[in-house]
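S.K.: Need a 3D model of the sequence below.
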Amino acid sequence: MPRVDESIINFALYEDANEYLGMAEVTLPELVSLTQEITGAGIAGNVEAVILGHFEAMTTTLNFRTVTRSAVSLNKPGYHTLTLRVAQQLKDTVKGTKVVQAVKHVMIVESKKYAPGKVAPASSAEASGEYAVTYFATFIDGKKVLEIDKLNFIYEVDGVDYLADARKAMGK
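M.R.: Numbers count the residues shown, from 1 in each chain. Purely as a prediction, here's the structure:
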């Protein structure tokens with residue numbers, strides 16, 4: 001059934017069973033592969049080699065409309081497991097109907113920066129936090145499509161763990 005992605009309907013962010021109400025938006029981690037520039041005999045110049053399953057440091061940003069207990073509590077030392085549940089809207093082009101697709105992002109984060117924002121009459125505070133991400137996974141309609149677990153040496157896309165052979169070669 002052909003579907004066209006249309007929009008995000010809405011989302012909710014949780015830590016354990018606690019919902020972070022008052023969320024304005026979340027900027028998900030950007031995946032930037034580590035590379036190594038190689039040169040040598042038989043190579044016409046330099047080539048950038050992408051290192052399998054290795055990524056630059058990942059960060060996520062949470063923007064809150066106001067200063068909340070939840071926003072402040074993410075500054076406690078240690079790791080926090082965040083679950084972002086998204087309702088996406090698609091259009092079924094055959095039936096001409098709207099379809100809701102469930103997307104879930106799971107992140108293990110640690111606070112890097114907290115900005116309580118501003119205070120002004122009849123406005124949002126625009127509070128925000130930036131967090132280091134060591135684990136990131138995405139599920140679409142309940143199926144895991146992406147998993148990056150830096151500390152356990154896992155890089156999985158569509159059910160294939162691309163670091164399995166590397167772990168085996170290292171005796172892990």
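S.K.: Relative to the helix or strand of the chain with the lowest mean pLDDT, what are the paired strands and their orientations?
M.R.: Ranked by mean pLDDT, DSSP states H and E, the weakest helix or strand in the chain is strand 18-19, scoring a mean of 82. Partners of strand 18-19 in the sheet, by DSSP bridges, are strand 3-15 (antiparallel).
S.K.: Following element in sequence after the strand ranked longest in the chain, please.
M.R.: Longest strand in the chain by number of residues (criterion: DSSP state E): strand 97-115. Moving toward the C-terminus from strand 97-115, the next helix or strand (DSSP states H and E) is strand 127-140.
S.K.: Which other helices and strands does the strand or helix carrying Glu147 contact?
M.R.: Applying DSSP H and E as the criterion places Glu147 in strand 143-149. Contacts defined by 3 or more Cβ pairs under 8 Å, 6 or more residues apart in numbering; DSSP states H and E place strand 143-149 against strand 127-140, strand 154-157. (C-beta placed from N, C-alpha, C; glycine too.)
S.K.: Residues in contact with the last one: which ones?
M.R.: Around strand 154-157, the neighbours that count as contacts under Cβ atoms under 8 Å, 6 or more residues apart in numbering are 52-53, 144-149, 161-163.
S.K.: which is the next helix or strand following that strand?
M.R.: strand 160-161.
S.K.: could you give the mean pLDDT of that next one?
M.R.: Strand 160-161 comes out with an average pLDDT of 98.
S.K.: what's in contact with it?
M.R.: 154-155.
S.K.: which residue sits closest to Ala49 in space, ignoring its chain neighbours?
M.R.: Spatial nearest neighbour of Ala49, excluding adjacent residues (Cβ to Cβ, 6 or more residues apart in numbering): Gln36 at 4.9 Å.
S.K.: Could you list the residues in contact with stretch 95-106?
M.R.: Counting by Cβ under 8 Å, 6+ apart, 1, 3, 6, 9, 28, 81-92, 135-142 sit against stretch 95-106.
S.K.: Just the buried ones among these, please.
M.R.: Using 16 or more other Cβ atoms under 10 Å as the burial test, these include 82-86, 88, 90-91, 135-139 as buried.
S.K.: For Ser73, state which of those residues is nearest.
M.R.: Within the buried ones among the contacts of stretch 95-106, proximity to Ser73 (Cβ to Cβ) peaks at Leu82, which comes in at 11.9 Å.
S.K.: Just name whatever secondary elements the helix or strand encompassing that closest one is in contact with.
M.R.: For Leu82, the host element (DSSP H and E) is strand 80-92. Applying 3+ Cβ pairs under 8 Å, 6+ apart, we find strand 80-92 packed against strand 3-15, strand 97-115.
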